[in-house]
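Trainee: got a predicted structure plus its sequence, pasted below:
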Amino acid sequence: MQTFISETLNTILTTQKSFENTVFVMPSQRAGVFVKEALKEKISRGFLPSILNIEELIEEISGLRKADTIQLLFHFYAVYKKVEKEPEAFESFISWAFTVLQDFNEVDQHIINSKEIFTYLRDIQRLKNWSVKKPFKETKMVKNHFSFLEKLEEYYTKFYPFLLEKKIGYQGLIYREATKKIETYIAKNTHKNFIFMGFNALNKAEEFLFQQLLSAGKTTIYWDIDTVFLENKHQAGTFIRKYKATWKYYLSNPMLVGSSHFNQNKNIEIIGASKNNTQIKYAGELLKKLPNFNQTAYVLADESLLPITLNSLPQKVTAVNITMGYPLKDVPTTSLFTAIFQLFLTQVKLNKSQSEQFYYKDVLQFFKHTTIAPLLVIDNTNILDEIAKKITEDNDAFISKKQIELFLKPLENSVKETIAKLFYPIEKIEEFIERILNLIVLLKEYADALEKEYLFRYFTIFSQLKTFQNEYNFLKTLKTIYQLFNQLLNTESISFQGEPLQGLQLMGMLETRVLDFENVIITSVNETILPKNSAQNTFIPFDVKLDFGLPTYREKDAIFSYHFFRLLQRAKNIYLLYNSESDTFGGGEKSRFIAQLIHLKKNSKKLQISPKVITEKTTIKKIEKTEAIISTLKEVAKKGFSPSALTNYLYNPYQFYTQKILKLSEYKEVEETIAANTMGTIIHDTLDALYTPFIGKYLTLENSKEMLARVDNLVTFYFKKHFHNSAIFTGKNRLIFEVSKNYVNRFLESESILISGKNQLKIIATEENLATTIEIEGLNFPIKIGGQVDRIDELNGVTRIIDYKTGKVEAANLKVKELSSIADEKYSKAIQVLLYGFMYAKSNHITQPIESGIISFKNLKSGLIKVDFGKKDYEITPERTNEFVEALKELIKEIFNPSIPFTEKTKN
């Protein structure tokens, strides 16, 4: 395959054999590597030329070094503080400083008269503020904004020389300085030949520099654009057409452009895929079909898809070269540092700094991080499990520093000390940064090659923060450094660099400059991604940019158009994938570039793919009853079946098996907010304490008043007893506390109303343990039934068996039509209270009718909701009890029947 680099070098070699004093200037460092490799193949002897990327050349001309973001930010704030009498705090400053620096950069890159544009911006605001009729009412925010725009020029004029003095600068400043020094540079380098290859969109400073070098002679520029785009007013040729028409040099000299390749036969497939995962998976299938990857580019228009792309590469891809700027916010290690910040931010928010306590979820999030968890392993045992277990057992939402130190005690000293120090109080920001740096050094020893790249990037960031904090001391609080950290995440990226000459080339769109490939796969060819959306973060309005010749989204669209179509010029096999899912952000609408390509290449194939939906048959779990299981069931029967155990069997026999045979319990979590079952226990215990003194007595109104007076203290006591959490009387817990008191008070009031007339209410028992045995034909062992009934009383001579429920129960839940068919989950509540009634009647040899029912605290107006046998017939007679027991025996027979497995019930 004849690439642009190869074609250009062939042209150069027809007139030039020696490259001793030749400088090749490329748009990117990666392109320079390919040029160097191609030259090695084409020349057998002599010196290779010097190969620079454009930024290296500009720095060489200007004599300045590019400063990174953190440097610029701290230096800018130092200047800002000198300008302002009452400067904003650093955390407020960084919220707008990034945008201002970006605007300064753009103004300088395009050699705009800074005074003119910033004065223009100021005057626009003054006009907006002016009114003939009445003065404009300014809020404080509006005044601050106007003041800020008035000061932009002063910030710029003070900041510019400040950086020059340090011989550093942002990119635009370096470009502006290069334009001032180009004549001197040319005079010093008359012996050198300059060859520029593959450039397209130049800023005004670059245009000036290129034209100066062309005018001086010994400079040649080779442009890479197909005639289809150059001559037909296509958007991809916007910039090069402009240079050909406006540059003085090209009025009398030909422009050296690439030959025509786009019109050659190409296999083009345009593939719509539902969701990003489908795109990436299908791209992996395309790679499987290729014999090798030496001439293959896999381009991610959406670079955030890199992780799933790496996980979806086929096994035959043994070598991958990743070249792209991966956003720092998407790096897995980022969540570790976010977790560290969160420990202290939550601590401050919940006022736990003095007590040196941390929110348990933040602690667990830190320890569970993929980089920390491996450090907690001792003799193949991860102490993280012990930490989580201990936190759950204590049921405390806050963990003290001392507790954390105890958790870490078994670890080796270096690991223990480094992690423990992270939880120390933050007295100085420099110390906090030092702790993080020490952690990174520790993690490096356990990290793989990719993780080391991530850690090194963060080590660089935090080292710079430490250096500038020591110099300026701008970071006063953790909140400030966290805000700065988040700003950096949104602007910084990590650059992957590998072996560019081997294996599959995995890259972003900008990294494809100058390079050509036979096979091209591009994913996420959607609007708002390729080209990117038109939103720009700037203080310079669109119309002002137009007036001063600054680039807008139109120019940026043209840049992406050039990169896209240039990559396709020489390719033979082109696969363009886009997300066709319309319900996702940025999905559904394919890029305009696809429509343009279809217009130019009418034989392009169009496909629509979707993932194969494989429906898996749901396997219902079944457990056959072995002799061992039957033996365990007998042990359970010996100890006793509770009413809730029998109803659990009705709900789900498999769950009954896991709880009663396997002895499995539900996973316990820290109870931050009082759970419904805990609230129920508190109310039960409170009522037990209130009614116990009156067992065997008839209640009086005086008794009710006594109980009402004790409610607050008792509910408080049982809250503290059953809820082991320091946050008892705050937030939702406070609400639940008040609701619990309200339930008890309302219930006692309803009891007062009940006994205020001629009704006589006698308390027989509270929280009474009941038990009995039954003999079942076919089972040669007795079955014990046992449980705790909440209350037994006697109302006007009728014995009542009462179960308290904090949930809502309706009368319909306790209606029983046929006792013979009661073994059904819909009768679960009736079964419970009937069982209590049966046990009480049998134990106490009661033959007269009784009543059983439920008091629902969410339905107190209904009073005692009794088991209803139809037409408000509530009497539980011995005959009905016998009929119920017979149905119960059939249920127990089923439980012990070896031919009936424990089968999982699924919800429809």
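Mentor: Yes, it's here. Keep in mind that this is a model prediction, so the values were computed, not measured. Numbering: from 1, shown residues only.

Trainee: any stretches of the stretch 751-900 of the chain with poor pLDDT?
Mentor: In the prediction, the stretch 751-900 of the chain carries no residues with pLDDT under 70.

Trainee: tell me, how many neighbours does the closest residue to L313 other than its chain neighbours end up with?
Mentor: In space, and not counting its chain neighbours, L313 is closest to G284: 6.0 Å by C-beta to C-beta, 6 or more residues apart in numbering. In short, each C-beta sits where N, CA and C put it, glycine included. Counted with other C-beta atoms under 10 Å, residues neighbouring G284 total 17.

Trainee: and E818, by the same measure?
Mentor: 11.

Trainee: go on, N486?
Mentor: By the criterion of other C-beta under 10 Å, N486 has 13 neighbours.

Trainee: tell me the mean pLDDT for the helix or strand harbouring it?
Mentor: Element membership for N486 (DSSP states H and E) is helix 478-491. Helix 478-491 carries an average pLDDT of 89.

Trainee: please, where are all the strands along the stretch 551-700 of the chain?
Mentor: 573-579, 605-609, 622-623 (DSSP state E, counting those that start in this stretch).

Trainee: pLDDT of the shortest one, averaged?
Mentor: I take that to be strand 622-623. Throughout strand 622-623, pLDDT has a mean value of 92.

Trainee: ok so the residue nearest to L313 is a helix residue?
Mentor: Yes - with DSSP: H, G, I helix; E, B strand; the rest coil as the criterion, G284 is assigned to a helix.

Trainee: F194 pairs with what?
Mentor: For F194, the beta-bridge partners are V23, T219 (DSSP bridges).

Trainee: does it touch A216 like I think?
Mentor: No - using C-beta atoms under 8 Å, F194 is not in contact with A216, being 9.1 Å away.

Trainee: neighbour count: those two, which is higher?
Mentor: F194 (22 against 16).

Trainee: confidence score at the more buried one?
Mentor: For F194, the predicted pLDDT is 96.

Trainee: what's near enough to touch it?
Mentor: T22, V23, V25, L213, K218, T219, T220 (C-beta atoms under 8 Å, 6 or more residues apart in numbering).

Trainee: picking that back up, from the contact counts, what lies against the helix holding N486?
Mentor: Counting contacts by 3 or more C-beta pairs under 8 Å, 6 or more residues apart in numbering; DSSP states H and E, helix 478-491 packs against helix 69-83, helix 90-109, helix 334-349, helix 429-444, helix 449-472.

Trainee: what residues sit buried inside the fourth one?
Mentor: Which is helix 429-444. I429, F432, I433, R435, I436, L437, N438, L439, I440, L442, L443 (16 or more other C-beta atoms under 10 Å).

Trainee: how many neighbours does L662 have?
Mentor: L662 is flanked by 11 other residues according to other C-beta under 10 Å.

Trainee: show me the helices in the stretch 701-850 of the chain, by range?
Mentor: Listed in chain order, the helices of the stretch 701-850 of the chain (DSSP state H, counting those that start in this stretch) span 701-722, 731-755, 828-843.

Trainee: pick the most deeply packed of the ones you listed.
Mentor: helix 828-843 (a mean of 22; mean count of other C-beta atoms under 10 Å).

Trainee: which elements pack onto it?
Mentor: Here helix 828-843 touches helix 643-651, strand 761-774, strand 783-795, strand 798-805, strand 851-856, helix 878-896, going by 3+ C-beta pairs under 8 Å, 6+ apart.

Trainee: K532 is nearest to which of these?
Mentor: Minimum separation from K532 across the helices and strands packed on helix 828-843 (C-beta to C-beta) falls at helix 643-651, 54.6 Å.

Trainee: re the thing from before, nearest to L375, of the contacts of F194?
Mentor: In terms of C-beta to C-beta, no member of the contacts of F194 lies closer to L375 than V25, at 47.6 Å.

Trainee: excluding covalently adjacent residues, which one is nearest to the closest one?
Mentor: Excluding the flanking residues, the one nearest V25 by C-beta to C-beta, 6+ apart is F196, at 4.8 Å.

Trainee: pretty sure the one you found is touching T219, no?
Mentor: Yes - between F196 and T219 there is a contact under C-beta under 8 Å: 7.3 Å.

Trainee: thinking again about what came up before, and of the helices and strands packed on helix 478-491, who's closest to E165?
Mentor: Among the helices and strands packed on helix 478-491, the nearest to E165 by C-beta to C-beta is helix 69-83 (10.3 Å).

Trainee: how far out from the middle of the chain is the closest one?
Mentor: 32 Å (C-alpha atoms, centre = their mean, to the nearest Å).

Trainee: what of stretch 710-725?
Mentor: With C-alpha atoms, centre = their mean, you get 39 Å for stretch 710-725.

Trainee: and that stretch, average pLDDT?
Mentor: pLDDT averaged over stretch 710-725 gives 86.

Trainee: circling back: mind listing what the residue nearest to L313 touches?
Mentor: Here G284 is in contact with S312, L313, P314 (C-beta under 8 Å, 6+ apart).

Trainee: how about TSV for the residues you listed, with pLDDT, distance to S62 and secondary structure added?
Mentor: As requested, these are exported to TSV (pLDDT from 0 to 100; distance: C-beta to C-beta, whole Å; DSSP: H, G, I helix; E, B strand; the rest coil):
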residue	pLDDT	distance to S62	secondary structure
S312	91	44	coil
L313	92	42	coil
P314	92	47	coil
